[in-house]
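**Student:** model the following, please.
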Amino acid sequence: MSLVNPLSAAPVEMRPLIRASAERLRTDFAGVFGGETIQRFMAESWESLQGAKVAAFVPLFVERFTRQRLRALARVEGKSRDTRPMVVFLCVQNAGRSQMAAGWLQHLAGDQVEVFSGGSDPASEVNPAAIEAMAEVGIDISSEFPKPWTDEVVQAANVVVTMGCGDSCPIFPGTRSMDWEVGDPAGLPLEQVRPIRDEIGDRVRGIMAELGIESPASP
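**Tutor:** Numbering: from 1, shown residues only. Here you go, the predicted model:
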């Protein structure tokens, strides 16, 4: 399948942003990946994020998603010196449960772990009720965005947690996998999202204990 070059497909006003993103990625991954790989990942990211609700943010999201995927690929190919554990949270829309779980772990563990979240059918934006519920406990996930999971991200993970994605959940031999049965905050009011938030937080603390990670953060 041929991929669209974001520099030719994007509106004219976005092209300088995409060009700058490509330059930063080429600089940051120099000696690790060639320009062709970076360009291909950017093109794939561009196509997969076209459903984002706020189109103006797509160039930023493309760079972040491409960077995450390249870091994961570097791990898979033995080109990374990053020895931190990597935990991946997956659900259907990557709008609620997996975003809250990733927010919890990043907040509680800080730089001790690399975190990724993704969905089998990504929504156009993160659930506002999930954002508000997390803000109540001091965790800001408002800058996050729904995105699909990719093979290299799942393969690079030490732990993969799935929530409600059923048969579409990826399974790779050798990767620690677990499935959480937690409620879906989609369409729920804030007061019903809070218990889901708290349950996910407790489960994330369990993963940290398994990985031997202590939290410098509160709550």
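
**Student:** strands of this structure, start to end?
**Tutor:** 86-91, 114-119, 159-162, 176-179 (DSSP state E).

**Student:** other residues contacting the second one?
**Tutor:** By that I understand strand 114-119. Here strand 114-119 makes contact (C-beta atoms under 8 Å, 6 or more residues apart in numbering) with 68, 71-72, 82, 84-95, 98-99, 101-102, 105-106, 109, 144, 146-150, 153, 157, 165. For every residue, glycine as well, the C-beta is placed using N, CA and C.

**Student:** using PDB, list the CA coordinates for that strand.
**Tutor:** Below are the C-alpha coordinates for strand 114-119, written out as PDB (Å, rounded to 0.1, in the frame of the first residue of the first chain):
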ATOM      1  CA  GLU A 114       8.300   4.100  29.400                       C
ATOM      2  CA  VAL A 115       4.500   4.200  28.900                       C
ATOM      3  CA  PHE A 116       2.400   3.800  25.800                       C
ATOM      4  CA  SER A 117      -1.400   3.600  25.200                       C
ATOM      5  CA  GLY A 118      -3.300   2.700  22.100                       C
ATOM      6  CA  GLY A 119      -6.600   1.500  20.800                       C
END
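
**Student:** please find the angle between the direction vectors of that strand and strand 86-91.
**Tutor:** Strand 114-119 and strand 86-91 are oriented at 20 degrees to each other (axes from the mean of the first three to the mean of the last three C-alpha atoms, to 10 degrees).

**Student:** so what touches the longest helix belonging to the chain?
**Tutor:** Using DSSP state H to assign secondary structure, the helix with the most residues in the chain is helix 190-211. The contact list for helix 190-211 (C-beta under 8 Å, 6+ apart) reads 85, 87, 96-97, 100-101, 104-105, 108-109, 113, 127, 129-130, 132-134, 136-137, 158-159, 161, 180, 182-185, 188, 214-215, 219.
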